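Student: Would you be able to build a 3D model of this:
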Amino acid sequence: MSDHEIDPTSPRMAPRPEVTKIAGRELKPSTLMMGHGFDPTLSEGSLKPPIFLTSTFAFPSAADGKRHFEGITGKRPGGADGLVYSRFNAPNQEILEDRLSIWDGAEDALSFSSGMTAICVLLLTYASQGDVIVHSGPLYAATEGFVAKWMSRWGVSYVDFPAGATREEIDAVLEKAKAKADEQGGKVAMVYLESPGNPTNALVDVQAVRAAVDTAKLDCPIAIDNTFLGPLWQRPLDHGADIVCYSLTKYVGGHSDLVAGSIAGAKKWMDPVRMLRNTMGGICDPNTAWMLLRSLETVELRMSRAGDNAAKVCEYLAKHPKVEGLGYLGMIKDARQQDIYDRHCLGAGSTFSLLLKGGEAECFRFLDALKIAKLAVSLGGTETLASHPASMTHLSVPDERKAALGIGDNLIRISIGIEDPDDLIADFEQALEAV
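Tutor: Coordinates of the predicted model:
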């Protein structure tokens, strides 16, 4: 709401312009995370935003209440001019959304109670009966399941393509999707990407997808789950995506102590999603929003440290005789994937797949022998985590689908944390001895 009329009674924003530039220099996101969107003088001088635990907000006048509800209900474009009700908006969530939009260079952002809530509300906003969703593969299992199992109940179908698809292959998939939509009396509602894909780290050529969508004259958004590399190592909106999605539970939250999600993009794409969120609920709660504001202050430091650690750990693992391969973006062997990485990515990240020689039994021995790294799902936290996707996060994916996506029984997903890298290497070394 930074570009709306400012309500002087709102505790979230200063009645003065935000400082985003000094002496002609644009301030970096890491600097803006310390205060953007909040004026201490409006909250008794509190250096940090208080947690606003309230369900509703008092209006200065009846006319103000009417104006706010005109925005909330869509009778007037642009949303509410002030604070209304905590299912719609609240100070902590609005400060969070302002700061999230900075990282991706987005016009607007929306926060949600989980990454999957963000994705589900997004898909429900844009897809109607008879429509077709085009998506890359692999996707996070819950996302793929929602599209395939739940959206189909409402008459929405899908067409998918592999993450590394070429421009020609993407063109062919879009033509197939258009034909399918015509048969069903619908439209191509969205192109949904996940890059890197979970858990293989396969990259999607966002620029090729953008060019293909434009050539096909499709009037639909390109959305991308940027959880594995965002917000530090990839900026998909710069490469043609319209909407960027996050599980804020992961790197942004970064401490394995909260669950939240977000989307960001141009207001024309955000406003319809905001309207459905207003109706369904699912907005991030104030305490979680406050914790995320805390985490955003150190996200660059945490991700940089974890990325450096991952590079050192993978250098060791790549040489180990019991390791068949690594799905690590700092050691890409495929020329097509390397080209995408060079154009799209600013870093290799700290989550990767480890392929052991053997299968499930060998992976389980390795996982059970870990002493520093924790055997747990999720990623992007301060601690190192390891899991077995085929039998855990992607268990619900049909076996033939897992095989096609490269999610084998010998694949372990590892998310490197901020521990001492030599200690982590020692832990992996002794765990490999158990294999």
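Student: Doesn't M190 lie inside a strand?
Tutor: Yes. Membership of M190 in a strand is supported by DSSP: H, G, I helix; E, B strand; the rest coil.
Student: Let the chain start at 37 from now.
Tutor: Let's use 37 as the start, then, which means that last one is M226.
Student: what's the neighbour count on it?
Tutor: For M226, the count of nearby residues is 26 (other Cβ atoms under 10 Å). Placement of C-beta: from N, CA and C, glycine included.
Student: what does G442 give?
Tutor: Neighbour count for G442, taken as other Cβ under 10 Å: 19.
Student: Please tell me how far it sits from F124.
Tutor: From G442 across to F124, the span is 42 Å (Cβ to Cβ, to the nearest Å).
Student: One more: M70?
Tutor: 27 Å.
Student: Look at the two and report which has more neighbours.
Tutor: Set M70 next to F124 and count neighbours by other Cβ under 10 Å: F124 wins out with 22 against 14.
Student: Might one say that that one is in contact with I319?
Tutor: Yes. The pair F124 / I319 is scored as a contact, 7.5 Å apart, by Cβ atoms under 8 Å.
Student: List phi and psi for the residue nearest the centre of the chain.
Tutor: Nearest residue to the geometric centre of the chain (Cα atoms, centre = their mean): Y282, 1.7 Å. Per-residue torsions, Y282: phi -140, psi 140 (degrees, to the nearest 10).
Student: can you count the residues close to the closest residue to it other than its chain neighbours?
Tutor: Excluding its sequence neighbours, the residue lying closest to Y282 (Cβ to Cβ, 6 or more residues apart in numbering) is S298, at 4.9 Å. Neighbour count for S298, taken as other Cβ under 10 Å: 27.
Student: pretty sure S298 is in a helix, no?
Tutor: No. Per three-state DSSP, S298 lies outside any helix segment and is strand.
Student: Could you measure from it over to G318?
Tutor: Plainly put, S298 is 11 Å away from G318 if you go by Cβ to Cβ.
Student: quick one: common contacting residues for those two?
Tutor: The contact sets of S298 and G318 overlap at 148, 154 (Cβ atoms under 8 Å, 6 or more residues apart in numbering).
Student: returning to what we had before: correct me if wrong: the residue nearest to Y282 contacts S147.
Tutor: Yes. Assessed by Cβ under 8 Å, S298 is found in contact with S147 at 5.1 Å.
Student: could you pull out the strands for this protein?
Tutor: 57-58, 61-62, 144-148, 168-173, 193-198, 224-230, 258-261, 279-283, 297-301, 359-363, 387-392, 410-411, 421-423, 447-451 (DSSP state E).
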